[in-house]
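Engineer: Got a sequence here, can you model it:
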Amino acid sequence: GDNHGLWIDPRDHDRMIEGNDGGACVSYDGGRSWSTILNQPTAQFYHVTTDNRTPYMLYGSQQDNWAMRLPMIDFEGAISWKNYTEPGGGESGHIAVSPKPPHKVFGGGIGTGLGHGRLICWNPETGQKRNVTVWPEMHGFGAGAIEHKYRFQWTFPVEFSPHDPDVLYATSNVVHRSTDEGHSWEVISPDLTRNDPDKIQSSGGAITADNSGAEIYCTIFAFRESPHEKGVFWAGSDDGLVHISRDGGKNWTNITPAQLGEWGQIMIIEPSPHDPATCYIAATRYKHDDNRPFLFKTTNYGESWSLITNGIPDDEFTRTIREDPARKGLLFAGTETGIWVSLNDGGNWVRLESNLPVTPIHDFVIKDTDLVVATHGRSFWILDDITPLRQMQDDLASQSVHLFQPRDTTRWRVHRRAFSRTPGITNYMMTGPVTVAYNLVDTPMGTKTEQFLDAGKNPPDGVIIHYWFGAKPEGEVSLAILDADGAEVRRFSSTGEDTPRVPAEAGMNRFIWDMRYPTATRLMDGGKPDMFASFMDDMIAPRALPGAYQVRLTVGEESWTQPFNLVMDPRIAATPEQLAEQFNLKVAIRDQISALHESVNRIRRVRSQVTAWEERAKAAENNDVAEAAAALKEKLTAIEDRMVTVDGSKPKPGPSRLKEKLAGLSGMIDESDDPPTQGAGEVFSLLGERVDVERINLERVIGDDLQAFNDLVNRSGLAPVAP
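Structural biologist: The predicted structure is shown next:
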């Protein structure tokens, strides 16, 4: 594609990123070789699925590249090209993941290698990709579809049976079934298309007969087996027919909606996850200059259909429809420009307004409480947390306040290694061996978050709390996190300078609790801390343990409360007792740092007053008071210097002081979900003893030296210093 820009890393001139109208590429050898990066501006993702055994694994197919597998979260801060693998298949093909270990991946791969109807089986244990194409006969580019034994579309369905993990389906103009991972196939249907001879001839012209595989017509374009009833199949063709079989494929009935007309394209068939007789269809007729949306619903196995497009513009054609498996009648539709949602089973639709760019939506998958979107031209997108839609009722707009129940949140542990966090410039972060770039952007909570330039963004790192205001509240709005017994864990407010602040705008609001208890008492300003010290400070606050919690929203004199759970990371083997051991030590370290900070703050308050009297004494030429003030300040500063690093912004700030040692210890035991080591406990005891010594020293200076200084000030007729 046309080049649109070139970025050269100022620290490593061999590292380049080039943008073009087909995506973006990266080079690490000065431009001699290039590779495609993950977050392509015009990546075309047609289909998406998830691994039901791994809570965060995502599969998809991408035009102009291979199929890909990548996590929905990266535990080192951002989703970069190091995270994805090529599981076989490619281009726009469907992908099916075997329910059985080792969970082989079957991906349609027309255009990525030999064979029409190319189907690849990828073994994640060996990395090998076996070609299990149903009918591996080559036809080249000169043969029309009429010469094919089976007509396979560029995008042909591939699906495992929800009732038998050994049964795999693939469709051409007929339905194929395999019970041995694609080694052999049987046909279980007649031709379920119009099979019009005029439309399966060689395409192209006299100079170039264009028959690469995308031109195959009269094929089954959508296929699903009922999740409720084994052997109930729904099939839709690209030439506008819908069929059903209720006896394992022995007999098929044409149930095409009459309102669709002829030669439409059945894009998606969605059997309801709640009712065996209910099914939804998304279809298009834009290739006939008919851009109307076509969404249909049946509640009687296709004996009759109703058109459910109320609210969608007449010129916005539809590509996909899915029903939420958790809430009956919550539907999502993908059109040529975005996402629409219906809360009443298609009775009416509203556009789902978000930061998603205007783009064709080709497919959805609902994974737990997330909506994963496959787009044409804008990569993968994930709507984190659709629980508000599941809980939303028709009377919401008439309510003044509504607090949604937060979803159960997994207690993931994400490690970030940012080189800097400076607004207004490009910052860099290590995600394992890969460096990614980002800008800092403001959030409604008064905090800053990363906007990645060459990586995918993680979901919010914490509990997502949604609430609704019919009008902007007057006065303070607060959110309190409570434990199972109702004791307050942490409190946040919409007023004041502390962040994160509670957003309080009319309409929907969102707040993220980072799953941490309050941090240590803050230090009064005593110089700019270094970046490493700031990084350690972020980890002083103890992480909440898995278990039951509550959130309480307070507006004026009224409060609303909802329960939620923090869930253990399923990969972690630590016991509740081991996690509690870590939590208790982190609480003890935080409290020790708080006590240390309170002592330092006391030193700084006293010293500021002593400094003021020192200056006055010098102005009055009272040398006795001035000299006593200087001596007192020297003793206070010596204690402070042993407690904290006074100015961490220096290139060489010197040895770590007690505060930095404690914060570093807290950070080290916070790196994993394990009990603290014996050494961690011993170091904490030693540091605690040293803190106690310095606090005793401070009390001695306050009790003796400060008292003597005040006595001297009193004899001079000046006001004493308040301790």
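Engineer: Quick check: which element contains Phe332?
Structural biologist: Per DSSP states H and E, Phe332 falls inside strand 331-335.
Engineer: Identify all contacting residues around whichever helix or strand comes after that strand.
Structural biologist: Sequence-wise, the next helix or strand beyond strand 331-335 is strand 339-342, with elements assigned using DSSP H and E. Residues outside strand 339-342 that contact it (Cβ atoms under 8 Å, 6 or more residues apart in numbering): 308, 311-312, 329-334, 348-352, 354, 356, 361, 373, 389. Where C-beta positions appear, they are placed from N, C-alpha and C, glycine not excepted.
Engineer: how far away is the nearest residue to Val175 once chain neighbours are set aside from Ala143?
Structural biologist: In space, Val175 comes closest to Ser189 once its chain neighbours are excluded; the distance is 4.1 Å by Cβ to Cβ, 6 or more residues apart in numbering. According to Cβ to Cβ, to the nearest Å, Ser189 stands 24 Å off from Ala143.
Engineer: what does Val693 give?
Structural biologist: Per Cβ to Cβ, Val693 is found 89 Å from Ala143.
Engineer: How about Pro71?
Structural biologist: Here the criterion is Cβ to Cβ. By it, Pro71 lies 41 Å from Ala143.
Engineer: show me where pLDDT drops low in the stretch 1-150 of the chain?
Structural biologist: For the stretch 1-150 of the chain, the stretches with pLDDT under 70 are 1-29, 31-66, 91, 111-115.
Engineer: tell me the centre residue of this protein?
Structural biologist: Taking Cα atoms, centre = their mean, the centroid of the chain lies closest to Pro459, which sits 2.3 Å from it.
Engineer: where does the protein have low pLDDT?
Structural biologist: Ranges of the chain meeting pLDDT under 70: 1-29, 31-66, 91, 111-115, 526-535, 648-653, 718-719.
Engineer: So if I had to pick from Ser189 and Ala143, which one is more boxed in?
Structural biologist: Shown here are Ser189 and Ala143; by other Cβ atoms under 10 Å, Ser189 has more neighbours (21 against 14).
Engineer: doesn't Asp247 make contact with the more buried one?
Structural biologist: No. Checked against Cβ atoms under 8 Å, the pair Ser189 and Asp247 is beyond contact range at 11.5 Å.
Engineer: What's the separation between Thr409 and Arg390?
Structural biologist: Using Cβ to Cβ, one obtains 15 Å as the distance from Thr409 to Arg390.
Engineer: Look at these two and report which has more neighbours.
Structural biologist: Thr409 (21 against 16).
Engineer: How about the contacts made by Val434?
Structural biologist: For Val434, the set of contacting residues under the criterion of Cβ under 8 Å, 6+ apart consists of 80-82.
Engineer: Which of the residues you listed sits closest to Leu403?
Structural biologist: Using Cβ to Cβ, Ser80 is the member of the contacts of Val434 that sits closest to Leu403, with 36.3 Å.
Engineer: From the contact counts, what lies against the longest helix seen in the chain?
Structural biologist: Using DSSP state H, we find that the single longest helix of the chain is helix 576-619. Taking 3 or more Cβ pairs under 8 Å, 6 or more residues apart in numbering; DSSP states H and E as contact, the helices and strands that helix 576-619 lies on are helix 623-643, helix 658-669, helix 678-700.
Engineer: mind putting these in JSON lines, mean neighbour count and distance to Phe709 included?
Structural biologist: Converted to JSON lines, the helices and strands packed on helix 576-619 look like this (neighbours: other Cβ atoms under 10 Å; distance: least, Cβ to Cβ, whole Å):
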{"stretch": "helix 623-643", "mean neighbour count": "17", "distance to Phe709": "5"}
{"stretch": "helix 658-669", "mean neighbour count": "21", "distance to Phe709": "26"}
{"stretch": "helix 678-700", "mean neighbour count": "15", "distance to Phe709": "14"}
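Engineer: from the contacts of strand 339-342, which would you call buried?
Structural biologist: 308, 311-312, 330-334, 349, 351-352, 361, 373, 389 (16 or more other Cβ atoms under 10 Å).
Engineer: and those residues as TSV, adding distance to Ile464?
Structural biologist: Putting the buried ones among the contacts of strand 339-342 into TSV (distance: Cβ to Cβ, whole Å) gives the following:
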residue	distance to Ile464
Ile308	30
Gly311	27
Ile312	28
Leu330	18
Leu331	22
Phe332	19
Ala333	24
Gly334	23
Trp349	25
Arg351	22
Leu352	16
Ile361	23
Val373	18
Leu389	13
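Engineer: What is the nearest of these to Tyr428?
Structural biologist: Using Cβ to Cβ, Val373 is the member of the buried ones among the contacts of strand 339-342 that lies nearest Tyr428, at 28.3 Å.
Engineer: Can I take it that the closest one is in a helix?
Structural biologist: No. Read with DSSP: H, G, I helix; E, B strand; the rest coil, Val373 is strand and lies in no helix.
Engineer: Okay, and the beta partners of it?
Structural biologist: Phe364, Trp381 (DSSP bridges).
Engineer: doesn't Asp384 make contact with it?
Structural biologist: No. At 11.6 Å, Val373 and Asp384 do not qualify as touching, with contact defined as Cβ under 8 Å.
Engineer: Measure how the longest helix of the chain sits relative to helix 678-700, angle-wise.
Structural biologist: Here the directions of helix 576-619 and helix 678-700 differ by 30 degrees (axes from the mean of the first three to the mean of the last three Cα atoms, to 10 degrees).
Engineer: And the residue lying closest to Thr85 once chain neighbours are set aside, which helix or strand is it part of?
Structural biologist: Using Cβ to Cβ, 6+ apart and skipping the chain neighbours, the partner closest in space to Thr85 is Arg69 (5.1 Å). Taking DSSP H and E as the definition, Arg69 sits inside strand 68-71.
Engineer: now for the helix or strand following that strand, which elements pack on it?
Structural biologist: From strand 68-71 onward toward the C-terminus, using DSSP H and E, the following helix or strand is strand 95-97. Here strand 95-97 touches strand 44-50, strand 57-63, strand 105-108, strand 158-160, going by 3+ Cβ pairs under 8 Å, 6+ apart.
Engineer: Given the next helix-or-strand element following the last one, what are its sheet partners and their directions?
Structural biologist: Translated: strand 158-160. Beyond strand 158-160 on the C-terminal side, the first helix or strand identified by DSSP H and E is strand 168-171. Note on strand 168-171: by DSSP bridges, its sheet partners are strand 158-160 (antiparallel), strand 175-178 (antiparallel).
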